[in-house]
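> Got a predicted model here, sequence first, then my questions.
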Amino acid sequence: MPADDRQLLLRMRRGDEAAAALLWQRHATRLLAYARAILGRRDPHGAHDIVQQIFLTALRAPRSQATAVLDVPGWLLILTRHAAINHVRSLRREQARLNHVPRPSPSPATVVSHPESTDLTSALDQLPRPMREVVVLKHIAGLTFDQIAESLGANRSTLASRYRAALDLLRTMLADPLPPLPEVSHARA
């Protein structure tokens, strides 16, 4: 009989590498997707560091905290959310510090322009974080609105509204407008 996540968490804390590997296998993909959604384009590779940090946090959690966890996936999502938001704040502080350092102007030869991409990933990155978060938790993590509400500590109706608004924005961003039809003259020659 396979172990439940709570048993795996407690075994992992006691140093059971197989339990840690199984918890990673069960939840890392979902946590990585969630961390990527929060980070957006700011740090595309930071999600891996965040998820590893979360598993270290779980490993080092005091016994009393680990035994109090009833919903391991929800707890891991909450830890991921907090770590990713803190990482974004750290990146913003770093960028603010860098903005105050004078830099030489780049030569025209070194400036590379990239056309704006309209694929789904780029559109998701453009959504405000609260909307992006709900879409990722719904579609990538596969959570219900009740589970999302519990994980984020938010009202279910508010999250459903954010989700609908996010889908509307995504449809708008991804829409490929048809060119106007040429005018046809109905007059007889």
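Arrived safely, thanks for sending.

> So Pro44: helix, strand or coil?
Of the three states, Pro44 takes coil according to DSSP: H, G, I helix; E, B strand; the rest coil.

> For the nearest residue to it once chain neighbours are set aside, pull up the helix or strand it's in.
Spatial nearest neighbour of Pro44, excluding adjacent residues (CB to CB, 6 or more residues apart in numbering): Arg36 at 7.1 Å. All C-beta spots, glycine's among them, are computed from the backbone N, C-alpha and C. For Arg36, the element it lies in under DSSP states H and E is helix 17-39.

> likewise Ala141?
Judged by DSSP H and E, Ala141 forms part of no helix or strand.

> Have a look at this structure and report the helix or strand with the lowest mean pLDDT.
Lowest by mean pLDDT, DSSP states H and E among the helices and strands of the chain is helix 120-126, with a mean of 79.

> elements contacting the longest helix along the chain?
Longest helix in the chain by number of residues (criterion: DSSP state H): helix 72-99. In terms of contacts (3 or more CB pairs under 8 Å, 6 or more residues apart in numbering; DSSP states H and E), helix 72-99 is packed against helix 5-13, helix 17-39, helix 46-60, helix 129-139, helix 145-152.

> May I see the buried residues of the first one?
For helix 5-13, the neighbour count (16 or more other CB atoms under 10 Å) marks Asp5, Leu8, Leu9, Leu10, Arg11, Met12, Arg13 as buried.

> Please apply the same query to the shortest one.
Burial within helix 145-152, assessed by neighbour count using 16+ other CB under 10 Å, is assigned to Phe145, Gln147, Ile148, Ala149, Glu150, Ser151, Leu152.

> Now find how far off-centre it is within its chain.
Computed by CA atoms, centre = their mean, to the nearest Å, the separation of helix 145-152 from the middle of its chain amounts to 15 Å.

> quick one, whichever helix or strand comes after it and helix 145-152 angle?
Moving toward the C-terminus from helix 145-152, the next helix or strand (DSSP H and E) is helix 156-174. Interaxial angle, helix 156-174 versus helix 145-152 (axes from the mean of the first three to the mean of the last three CA atoms, to 10 degrees): 100 degrees.

> Give me the nearest residue to the residue nearest the centre of the chain, chain neighbours excluded.
Nearest to the geometric centre of the chain sits Ala37, at 2.2 Å (CA atoms, centre = their mean). What sits nearest to Ala37 in space, not counting adjacent residues and going by CB to CB, 6+ apart, is Val136, at 3.7 Å.

> Neighbours of that neighbour, how many?
22 (other CB atoms under 10 Å).

> so how far is Asp49 from His87?
8 Å (CB to CB, to the nearest Å).

> Leu10 now?
25 Å.

> on that earlier part again, which helices and strands does the helix holding Arg36 pack with?
helix 5-13, helix 46-60, helix 72-99, helix 129-139.
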